[in-house]
Every structure is written in C-alpha cells, then in structure tokens.
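Participant: build the 3D model from these lines:
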Amino acid sequence: MPSKLMMFFVGFDIIFAGCGGLIMGFSLISEQNMRTQPTVDNVAPNLLLDQCPLTAGVVNAIFVFVTFLLSLPALFLPQNRGWLRAQGWLVVFCAAFTLGLGLSVWVGTLDTRRHLSDIWGRESPLSQSLLQQKFNCCGYFNSTSPPFIQDGTCSSALVAAQKGGCIGKFSAFANSYLDKIFTALFGVVGIDVILVLCVAMVLKYRQEQERYRHIDEKNGLGGL
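Facilitator: Sure, this is the predicted structure:
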C-alpha cells in the first residue's frame with residue numbers, strides 16, 4: 001500500500017499537470033477568441049488578452065506536461081532518485097517560468113492608463129465605438145481628446161460631453177480582469193512550490209530507505 005507521503009506527492013503531481021492544462025487551455029482559447037469578430041461583449045477582454053504573453057503560456061504548459069511525464073518513471077521505480085531529481089529541477093524551472101508570466105502581467109497593470117491610451121489610439125473606429133457602447137462613455141480621456149466616435153451611445157457632442165470619457169471605466173475593467181490572470185498564475189506557482197517540497201521529501205525518504213538497506217546488507221539481513 002502506498003505511503004501517505006507518496007499519495008500526497010502523486011496528488012500534487014496530478015494537480016501540477018492540471019495547472020498546465022489550464023494554462024494551455026486558457027492560452028489557446030484566448031488566441032482563438034481574439035480572431036473572432038469584435039462585439040460589445042468581447043472587445044475589451046480581447047484587447048487586454050492581446051497584451052498578455054499567450055504564446056509563452058503555451059510554451060510553459062508544454063514544459064509542465066514534459067515534467068509530468070518525467071515524473072512517471074519516478075513513481076514506477078521506487079528505488080530510483082535520478083528521475084526525481086530531474087523532475088524537481090524541471091518543476092523549479094516551470095515555477096520560475098510561470099512566475100515570470102505572472103510578473104509580466106502584473107507589471108503591465110502598474111501603468112494601466114498609459115497602456116490603454118496607446119491601445120485605444122491603435123484601434124479602429126469600430127472597436128472604439130464598441131468600447132464606448134460597453135462602458136457607456138465617449139472618447140478616451142473625454143469626448144474631444146481623442147474625439148469620440150458617433151454612434152448610438154454618443155449620438156451628439158452634447159450627449160458625449162455629458163457621458164464623459166472611457167478612461168476610468170476602461171481602466172477599472174482592465175485592472176480587475178488582469179488581476180484575475182496574474183493572481184491565477186501566482187496560485188499555480190504556489191502549487192509548484194508545494195510539489196518541489198514533495199519531491200524533496202520523497203528524495204529524502206528514498207535516501208533513508210537506501211541507507212537502511214545498505215545497513216541490513218552489511219548485517220547479513222539483506223533478505224529480510
């Protein structure tokens with residue numbers, strides 16, 4: 001019967017692989033959604049996702065899957081420690097990779113308004129109009145800077161001036177949306193750290209078992 005330590009290790013190893021699946025799925029689905037026709041519902045998330053390291057997320061997930069596969073020999077070879085060491089170092093690498101992704105998203109939130117201003121200026125009138133409809137605002141800073149897009153939400157200069165610019169609502173949405181992404185990535189790093197500790201404990205346990213086995217062999221108890 002497996003020890004509690006091994007069950008704990010296997011459990012977090014599976015969770016580790018599941019986190020890789022989540023990163024892969026989120027990255028691929030996000031890239032697919034970004035290629036769809038913009039609508040009021042998806043225009044803001046897609047613009048923000050375009051600033052996220054989605055391709056790097058796919059690469060990170062691939063490393064996670066490779067690391068998980070390398071852990072299988074460690075499970076089926078109870079006396080081997082080489083595979084465990086390799087897995088431990090790869091988990092550390094994956095944790096550092098994921099932490100880098102999370103930090104890159106977090107750093108982007110520190111200067112949200114300037115980044116969003118650049119994004120707004122690069123977008124087509126259609127996307128700007130959809131953003132105005134989503135946040136019920138006109139223009140970015142205000143209705144004249146840059147000039148608002150005339151649509152159903154901003155039907156005239158008077159209406160546009162009364163509604164105000166999109167900077168506040170768009171920034172609040174961006175911060176909330178990106179906070180969830182980098183918080184999730186930091187949570188994955190936490191899982192990685194726990195798995196590294198599990199690997200270290202299993203290595204220590206196997207080292208002790210090997211030492212006891214050598215002692216038994218010296219005492220002529222190798223067959224017990």
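
Participant: going forward, measure contacts between C-alpha atoms and count neighbours the same way
Facilitator: Fine.

Participant: all helices of the protein, in order?
Facilitator: 4-34, 43-49, 54-76, 82-109, 112-122, 125-135, 157-163, 167-218 (DSSP state H).

Participant: tell me the contacts of T98?
Facilitator: Neighbouring residues of T98 by CA atoms under 8 Å, 6 or more residues apart in numbering: G57, N60, L185, F186, V188, V189.

Participant: what's the separation between F26 and M34?
Facilitator: 12 Å (CA to CA, to the nearest Å).

Participant: so which of the contacts of T98 comes closest to N46?
Facilitator: Minimum distance to N46 across these is 16.1 Å, recorded for G57 (CA to CA).

Participant: I figured that closest one hits G21, correct?
Facilitator: No: in this structure, G57 is not within contact of G21 by CA atoms under 8 Å, at 10.5 Å.

Participant: just give me the residue right at the centre of the chain.
Facilitator: With distances taken as CA atoms, centre = their mean, L185 lies nearest the centre of the chain, 3.8 Å away.

Participant: not counting sequence-adjacent ones, nearest residue to that one?
Facilitator: Nearest residue to L185 in three dimensions, chain neighbours excluded: G102, at 5.4 Å (CA to CA, 6 or more residues apart in numbering).

Participant: same question, H115
Facilitator: Leaving aside its sequence neighbours, H115 sits nearest to G108 (CA to CA, 6+ apart; 7.8 Å).

Participant: JSON lines for the contacts of T98, including pLDDT?
Facilitator: Output for the contacts of T98, formatted as JSON lines (pLDDT from 0 to 100):
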{"residue": "G57", "pLDDT": "95"}
{"residue": "N60", "pLDDT": "97"}
{"residue": "L185", "pLDDT": "96"}
{"residue": "F186", "pLDDT": "96"}
{"residue": "V188", "pLDDT": "96"}
{"residue": "V189", "pLDDT": "97"}
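
Participant: what subset of those residues is buried?
Facilitator: G57, N60, L185, F186, V188, V189 (16 or more other CA atoms under 10 Å).

Participant: looking at the helices of the chain, spot the one closest to P147.
Facilitator: P147 sits nearest to helix 157-163 of all the helices of the chain, at 9.5 Å, using CA to CA.

Participant: what's the mean pLDDT across that closest one?
Facilitator: For helix 157-163, the mean per-residue pLDDT is 91.

Participant: name the residues of that helix that are buried.
Facilitator: Here helix 157-163 shows A157, A160, A161, K163 as buried, counting by 16+ other CA under 10 Å.

Participant: just curious, which of the residues you listed is nearest to V10?
Facilitator: Ranked by distance to V10 (CA to CA), the buried residues of helix 157-163 are led by K163 at 55.7 Å.

Participant: hang on, the closest one packs against C137?
Facilitator: Yes: counting by CA under 8 Å, C137 is a contact partner of K163 at 5.3 Å.

Participant: roughly how far does N142 sit from S117?
Facilitator: Taking CA to CA as the criterion, N142 is separated from S117 by 12 Å.
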